[in-house]
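Peer 1: Pasting a predicted model and its sequence here:
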Amino acid sequence: MKYINILCCLFMLLMACDNDLDQFPPLEAEASSLSSYRQVLNAAYYYQQASVTPMAIMGDFRADNMEMFEEPYPAFDRFNEDLAGGDLVGQFFRPFYSTLYKSILSANIVINNSVDDTEIAEARFLRALSYFKLVQVFGDVTVNLSGNPSVDDKTILVRRPSAEVYSGTIIPDFQAAISALDNSGLSNGRASQIAAQGLLGKVYMHLRDFGSAETQLKAVVDGAAAANITLQPNFADIFGEANDLNSEIIFATQLSTSIDDDYGFTGFPGWFSGGDTKSLQPLDRDLIDAFDASPGDLRRDVTIDATALIGTKWGGLDQDWIELRLGDVILLYAEALNENGDTAEALIQMNKIRTRAGLDDSSAATQADFRTAVADERRLELALEGQRWFDLVRTGTVDAEMGEMVNPNYYVFPIPDSEVMSSAGAITQNPGYEK
């Protein structure tokens, strides 16, 4: 659905699928007629589902972990205007864009109308998460904070600078969630205080505000045990349907094949495992080389099959998509510590991850050496989790890792052309993708 139409449509109050979210009867209603906003909040959770596969593809197939072979899909490996082609927009960028704005609209209705502080805090968490994803993918984006926006207000269709979206919406929303939530939601897959802290820490890492990042990430690492969050001893036990909501998961988008969403194409497990004809052997040999440079790494056989040239980290379609886990946070915390001059403590933190992977402690002795070491560690730890491309962009290492000079225009992705056209030009296209 086009965003300009979303602004005036009646939304579907579709329920999410697992645990406390397992309430299904769909209902259409106007926000002003509701006395309870729990169902609207569940709709905001539900709409996250269709963002999962597009984000996974952008994170790994745009980078040097995975590749495609059937045109026009290899455009993910070409840094030019080709990504703006119709098939790619329709399969990845349009559902990603529209479903996150649906989540935002549902969250706004809760924030603007509910009198339940926990509901409002969860909604602000989901709104922040949605805008964080949008900014990472598209850069400058439109901002709507109303649950009942006027169709005559074209100012909300004007794209706002990403820095403004971070400072005006994403950071305040995560801060509000931290203040109002506890960690009871961890057991049933809902937003929690510690998830908001971890995601806010990640936001600050993207902004290269390492001092603020360290504060938030330290709170997660130090508070993990009290929240019953721990590293899984066996790396393989993090992934797969049987391991949903395991002790390492801080927040995940819950998925189920029994619930339809706005993404009607091959799901992320199929893309990574060669289940789509556009990429029957998607594994990029560069990722194989990265594992070869880490002999004895226990994560290798969980993550890839170097003979079949496929990814093996994910199983069936009923498993959750991990938005944030403790291993990710520990490596971000180590990175922030190093940037703030505490390489010794950074090594202690990173070596927790290496020990689980069956590796010796890192020998990185300087701040510069550690930057390289932690980047390599994040690649192997988080491969096929939709992180790689966004890590390269935030650390300024795109050219070095991709082996070519990449125009920064192509650090972000094309705005769906339907949004540009339907807004009568109020929504502009990203430079380099104009057709």
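Peer 2: Cool, the structure landed. Residues are numbered from 1 along each chain as shown.
Peer 1: Just list the residues touching Lys435, thanks.
Peer 2: Applying C-beta atoms under 8 Å, 6 or more residues apart in numbering, we find Lys435 in contact with Glu81, Ala84, Asp417. In short, each C-beta sits where N, CA and C put it, glycine included.
Peer 1: pLDDT value on it, please?
Peer 2: Here the pLDDT value assigned to Lys435 is 73.
Peer 1: same deal with Ser187?
Peer 2: Predicted confidence (pLDDT) for Ser187: 88.
Peer 1: can you count the residues close to it?
Peer 2: Counted with other C-beta atoms under 10 Å, the neighbours of Ser187 add up to 12.
Peer 1: so it touches Leu245, yeah?
Peer 2: Yes. Counting by C-beta atoms under 8 Å, Leu245 is a contact partner of Ser187 at 7.4 Å.
Peer 1: Among the contacts of Lys435, find the lowest-pLDDT one for me.
Peer 2: Lowest pLDDT among the contacts of Lys435: Asp417, 91.
Peer 1: Which parts of the stretch 151-300 of the chain are strands?
Peer 2: Using DSSP state E, counting those that start in this stretch, the strands of the stretch 151-300 of the chain run over 249-253.
Peer 1: quick one, longest helix in this structure?
Peer 2: helix 117-138 (DSSP state H).
Peer 1: tell me the angle of that helix relative to strand 249-253?
Peer 2: 80 degrees (axes from the mean of the first three to the mean of the last three C-alpha atoms, to 10 degrees).
Peer 1: Do me a favour and average the pLDDT over helix 117-138.
Peer 2: Mean pLDDT, helix 117-138: 98.
Peer 1: Give me the buried subset of the contacts of Lys435.
Peer 2: Buried by 16 or more other C-beta atoms under 10 Å: Glu81, Ala84, Asp417, out of the contacts of Lys435.
Peer 1: can you tell me which helix or strand Asp318 belongs to?
Peer 2: Under the criterion DSSP states H and E, no helix or strand holds Asp318.
Peer 1: Tell me both backbone torsions, phi and psi, for it.
Peer 2: Backbone torsions for Asp318, taken as degrees, to the nearest 10, come to phi -90, psi 10.
Peer 1: switch to numbering from 445
Peer 2: That works, and once the first residue is 445, the last one we named lands at Asp762.
Peer 1: how many other residues sit next to it?
Peer 2: When neighbours are defined as other C-beta under 10 Å, Asp762 has 17 of them.
Peer 1: repeat for Pro677
Peer 2: Per other C-beta under 10 Å, the neighbour tally for Pro677 reads 9.
Peer 1: Verify the stated contact: it with Arg800.
Peer 2: Yes. Using C-beta under 8 Å, Pro677 is in contact with Arg800, at 7.0 Å.
Peer 1: Got the confidence number for the nearest residue to Ala809 once chain neighbours are set aside?
Peer 2: The shortest distance from Ala809 to any residue other than its chain neighbours is 7.9 Å, reached at Thr787 (C-beta to C-beta, 6 or more residues apart in numbering). On the pLDDT scale, Thr787 is placed at 98.
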